[in-house]
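Enquirer: Any chance you could fold what I've pasted below:
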Amino acid sequence: VLITGGAGHVGIAAAHALIELGANVVLLDISEASLIDASKTLPEGRSGIVVCDLAKDSSIKEALAKVEELTAGKLTCIINNAAFVGTSNLKGWSVPFENQSLDTFKSCLDVNLSAPFYLVQQLMPLLENAEGDKSVINISSIYGVVGPQMDLYEGTGMGNPAAYAASKAGLIQLTKWMASVLAPHIRVNSLVLGGIYRGQDQAFLNKYNARVPLNRMATEEDVKGAIAYLATSL
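Expert: Residues are numbered from 1 along each chain as shown. A predicted model of the protein is given here:
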């Protein structure tokens with residue numbers, strides 16, 4: 001299984017869930033140090049790492065060759081989890097709309113939307129080489145479905161970039177397109193996540209949790225079962 005954003009919280013949770021089911025995983029992320037730390041949390045011999053900047057075509061091409069090497073030319077699942085998110089430290093990103101940068105908007109689309117398209121396209125031979133159940137999971141967001149309630153962010157220093165919402169909405173539609181085109185041999189699904197707790201500002205938490213029936217944000221543990229379900233034929 002290839003997991004992009006593999007050094008992140010959701011990526012590591014996905015890796016643990018799938019290793020428990022017998023998979024070997026390849027973690028792809030931009031930081032080698034973070035990948036090494038993430039791999040140390042996994043059972044020895046069950047993971048490989050690939051350093052890649054998904055905003056750069058040359059880096060992706062190098063990563064594709066490394067993935068093929070690590071997987072011996074066979075993949076049963078691709079999880080497109082890497083993304084610029086609301087807390088990413090980018091110029092003209094999580095700022096008022098009139099200050100959001102067009103260059104950053106385009107970079108977000110490259111990472112959040114174009115990269116999943118290109119990775120699946122280029123790794124199709126590896127999926128076709130594998131036997132049994134094969135799938136693609138695209139990790140999207142509730143902000144790809146609904147507009148943000150901006151009062152959640154008032155007085156918190158947090159924000160909600162337009163590019164994030166647009167890219168995640170595009171990823172959902174890309175999922176629908178690929179699901180139709182790659183069927184029946186490869187299943188393609190989107191996992192649409194709400195907010196995940198990572199020590200957010202208490203003012204944000206109070207307002208967010210008041211809108212959630214369980215009165216809390218999600219955790220990575222909440223996501224593991226859905227990923228296991230979508231990745232397998234169980």
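
Enquirer: how close does Thr4 get to Arg216?
Expert: 27 Å (C-beta to C-beta, to the nearest Å). Every C-beta, even on glycine, is put in place using the N, C-alpha and C of the backbone.

Enquirer: Then Tyr153?
Expert: Counting by C-beta to C-beta, the gap from Tyr153 to Arg216 is 18 Å.

Enquirer: Which one's more surrounded, these two?
Expert: Tyr153 (19 against 13; other C-beta atoms under 10 Å).

Enquirer: so what's the more buried one up against?
Expert: Listed by C-beta atoms under 8 Å, 6 or more residues apart in numbering, the contact set of Tyr153 reads 159-160, 204.

Enquirer: Make JSON lines out of those and add neighbour count, distance to Leu171 and pLDDT.
Expert: JSON lines is the format used below for the contacts of Tyr153 (neighbours: other C-beta atoms under 10 Å; distance: C-beta to C-beta, whole Å; pLDDT from 0 to 100):
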{"residue": "Gly159", "neighbour count": "17", "distance to Leu171": "20", "pLDDT": "87"}
{"residue": "Asn160", "neighbour count": "16", "distance to Leu171": "17", "pLDDT": "91"}
{"residue": "Phe204", "neighbour count": "18", "distance to Leu171": "24", "pLDDT": "92"}
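
Enquirer: any idea how far the most centrally placed residue in the chain is from Lys91?
Expert: Closest to where the C-alpha atoms of the chain average out (C-alpha atoms, centre = their mean) is Asn81, at 1.2 Å. Note on Asn81: its distance to Lys91, by C-beta to C-beta, is 24 Å.

Enquirer: Could you do Gly5 as well?
Expert: In terms of C-beta to C-beta, Gly5 sits 21 Å off from Lys91.

Enquirer: Equivalent analysis for Val192, please.
Expert: 28 Å.

Enquirer: Which of these two has more residues huddled nearby?
Expert: Higher neighbour count among Val192 and Lys91: Val192, with 18 against 11, using other C-beta under 10 Å.
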